[in-house]
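Colleague: Okay, sequence plus prediction incoming.
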Amino acid sequence: MRIAVVGAGAVGGYFGAFLARAGHDVRFIARGTHGEAIRSNGLTVRGPLGEFTVQAPVSESTAGAGPVDLVLHAVKAYDNATALLLLPPLVGQGTVVLTLQNGVDGPDDASAIVGRDPVLGGAAYIATSIVAPGVIEQTGTYRRIVFGEVFSPSSSISDRAHAIEQAMKAADIEAEARPDARVPLWEKFVYLAPFAGVTGASRQPIGVVRANPESRRLLFDAFAEVERVGRAEGVPLPADLLERIATYVDGVPASMRSSLLIDLSKGKRIEVEALQGSVVRRAARVGVAVPIMSTLYAVLRAASAGTAHDL
């Protein structure tokens with residue numbers, strides 16, 4: 001399978017490396033020192049599962065690259081304005097564009113550039129980071145992608161989603177194709193937007209947030225706000241979603257911080273528009289009140305004004 005990874009960072013680079021190791025023809029679209037290091041020394045993945053390095057072509061542009069079978073679109077959501085413009089040269093007859101971004105806007109954003117037909121939506125569950133140019137380090141062994149059709153969901157998994165699932169499983173990726181990808185996207189969104197919002201606004205890890213009665217109540221009320229928005233949009237979320245989120249929140253390590261909080265503490269750009277901002281905008285369209293998420297959005301948007309804006 002010919003695969004292009006747009007955004008060869010901690011997520012896209014990780015999954016792309018596994019696919020390259022399995023023998024697929026993978027091209028990374030990356031820039032800066034990370035891209036240069038991959039070009040010179042290959043891309044190294046290390047962690048509890050071991051360490052390996054793959055050699056694969058790297059480019060900053062997709063001009064002349066030609067159509068591929070699969071595009072993994074895994075850039076940070078705030079880079080979509082420029083990164084999405086890299087997609088058209090990669091898309092031909094039968095190409096699948098699989099978005100792996102935080103939030104639920106990714107498929108819509110991609111479809112605005114390449115149309116709805118090629119686009120699948122996916123949610124990635126993995127803890128990785130770039131620890132040095134060309135080196136991705138994983139914490140734990142979780143490496144899961146849940147994905148499927150977004151614009152034409154049905155009662156069964158599409159053939160193309162099934163084919164990608166099989167290729168990923170053969171590459172030692174924990175892949176799960178679903179008939180309706182809106183459900184896993186929103187399941188993650190209902191949790192992530194409030195979790196990132198409250199930990200980011202308070203500058204505290206989850207242990208502090210859940211131990212304090214006031215902040216715990218705020219967090220769980222925010223989960224409920226986002227769930228109501230999803231249901232108002234017609235997403236068939238499971239009835240026990242909030243209970244499952246509560247169990248998860250109480251079971252994670254107290255030191256756990258959202259990536260938004262980590263980026264904020266480092267002066268980096270944050271995905272406030274893709275997370276809290278998306279909730280607020282979607283809530284306004286469907287007429288659902290989200291006072292907590294609106295407040296978190298306002299606070300974090302102000303905080304993001306002081307962060308760095310380099311790619």
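Modeller: Alright, I've got the coordinates.
Colleague: which residues does the residue nearest to the spatial centre of the chain contact?
Modeller: For the chain, the residue nearest the mean C-alpha position is Gln101 (2.6 Å; CA atoms, centre = their mean). By CB atoms under 8 Å, 6 or more residues apart in numbering, the contact set of Gln101 is 73-77, 80, 274. (C-beta placed from N, C-alpha, C; glycine too.)
Colleague: let's see it at 6 Å
Modeller: Taking CB atoms under 6 Å, 6 or more residues apart in numbering, we find Gln101 in contact with Ala77.
Colleague: Can you give me the distance of it to Leu84?
Modeller: With the distance defined as CB to CB, to the nearest Å, Gln101 ends up 11 Å from Leu84.
Colleague: ok, now how distant is the residue nearest to the centre of the chain from Pro213?
Modeller: Gln101 sits 34 Å away from Pro213, taking CB to CB as the criterion.
Colleague: tell me the SS of Arg46?
Modeller: strand (DSSP: H, G, I helix; E, B strand; the rest coil).
Colleague: For it, give the beta-bridge partners.
Modeller: Taking DSSP bridges as the rule, Arg46 bridges to Glu51, Glu137.
Colleague: burial count for it?
Modeller: Neighbour count for Arg46, taken as other CB atoms under 10 Å: 14.
Colleague: likewise Tyr125?
Modeller: Tyr125, neighbours per other CB under 10 Å, totals 13.
Colleague: quick one on the thing from earlier: backbone torsions only: list them for the residue nearest to the centre of the chain.
Modeller: Backbone torsions for Gln101, taken as degrees, to the nearest 10, come to phi -130, psi 160.
Colleague: which residues of the protein fall in strands?
Modeller: Along the chain, the segments classed as strands by DSSP state E run 2-6, 25-29, 43-47, 50-54, 58-59, 70-73, 96-100, 119-132, 135-149, 174-178.
Colleague: can you put the ones you listed in CSV and add distance to Asp109 and mean pLDDT?
Modeller: As requested, the strands of the chain are exported to CSV (distance: least, CB to CB, whole Å; pLDDT from 0 to 100):
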stretch, distance to Asp109, mean pLDDT
strand 2-6, 12, 98
strand 25-29, 17, 97
strand 43-47, 26, 97
strand 50-54, 28, 97
strand 58-59, 22, 95
strand 70-73, 9, 98
strand 96-100, 8, 98
strand 119-132, 9, 95
strand 135-149, 16, 94
strand 174-178, 20, 98
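Colleague: what's near enough to touch Ser158?
Modeller: Under the criterion of CB under 6 Å, 6+ apart, the contact partners of Ser158 comprise Glu149.
Colleague: Is it correct that Val288 is in contact with Ala232?
Modeller: Yes. Taking CB atoms under 6 Å as the definition, Val288 is a contact partner of Ala232 at 5.1 Å.
Colleague: out of these two, which sits in the more crowded spot?
Modeller: Comparing Val288 with Ala232 by other CB under 10 Å, the one with more neighbours is Val288, at 19 against 14.
Colleague: Now do the same for the residue of the chain most remote from its centre: its pLDDT.
Modeller: Each residue of the chain has a distance to the centre, and by CA atoms, centre = their mean the biggest one is for Pro213: 30.0 Å. Pro213 carries a pLDDT value of 97.
Colleague: for His309, same thing?
Modeller: pLDDT for His309: 43.
Colleague: those helices in the stretch 101-250 of the chain, which residues are they?
Modeller: For the stretch 101-250 of the chain, the helices defined by DSSP state H, counting those that start in this stretch occupy 106-114, 159-170, 182-202, 206-211, 213-232, 241-251.
Colleague: what's the second one packed up against?
Modeller: Pointing back at helix 159-170 there. Packing partners of helix 159-170 (3 or more CB pairs under 6 Å, 6 or more residues apart in numbering; DSSP states H and E): strand 174-178.
Colleague: hmm, try it at 10 Å
Modeller: On a contact count with 3 or more CB pairs under 10 Å, 6 or more residues apart in numbering; DSSP states H and E, helix 159-170 meets helix 12-21, strand 70-73, strand 96-100, strand 119-132, strand 135-149, strand 174-178.
Colleague: partners of the shortest one in the sheet?
Modeller: I take that to be strand 70-73. strand 2-6 (parallel), strand 96-100 (parallel).
Colleague: quick check: angle from the last one to helix 106-114?
Modeller: Yep, that's strand 96-100 we're talking about. Computed by axes from the mean of the first three to the mean of the last three CA atoms, to 10 degrees, the angle separating strand 96-100 from helix 106-114 equals 140 degrees.
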